[in-house]
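K.L.:
Sequence and computational prediction follow.
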Amino acid sequence: MRIAKTKEFVKRYTKLPKFIQKKVDKQIRYLTTDVFHPSLKAKKMVGVHFWEARVDKSYRFTFEKTGDTLTLRTVGPHDEGLGKK
């Protein structure tokens, strides 16, 4: 799988604490090999064609699957990471 990042994802990622960035990086590695890796707890979001995945208990990120490309859309604390704030 190839990974693409939106400008929004990059902007939010750079504002995260370094230790959270490392967790995000680890989860992205899992994502590229297995979208359904147990650590990700990935699931399709209701009413949209995006997916959400877990960084840890408090942080989430969203992504879109298009062919062999996963586009990372947003990341952050739970609601922000899901694009709700």
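P.N.:
Thanks, I have the structure now.

K.L.:
Which strand residues bridge the spatially most central residue of the chain?
P.N.:
Centroid check for the chain by C-alpha atoms, centre = their mean gives Phe61 as the closest residue, at 2.9 Å. On the basis of DSSP bridges, Phe61 takes part in beta bridges with Ala53, Val75.

K.L.:
That one and Thr71 touch, don't they?
P.N.:
No. Taking contacts as C-beta atoms under 8 Å, Phe61 lies outside contact range of Thr71: 11.1 Å. Bear in mind the C-beta positions are built from the backbone N, C-alpha and C, glycine included.

K.L.:
where's the residue nearest to Lys44 when sequence neighbours are not counted relative to Ile28, distance?
P.N.:
Excluding the flanking residues, the one nearest Lys44 by C-beta to C-beta, 6 or more residues apart in numbering is Trp51, at 5.5 Å. Computed with C-beta to C-beta, to the nearest Å, the distance linking Trp51 and Ile28 is 13 Å.

K.L.:
did I read that right, Val35 in a helix?
P.N.:
No. The assignment for Val35 (DSSP: H, G, I helix; E, B strand; the rest coil) gives coil, which keeps it out of a helix.
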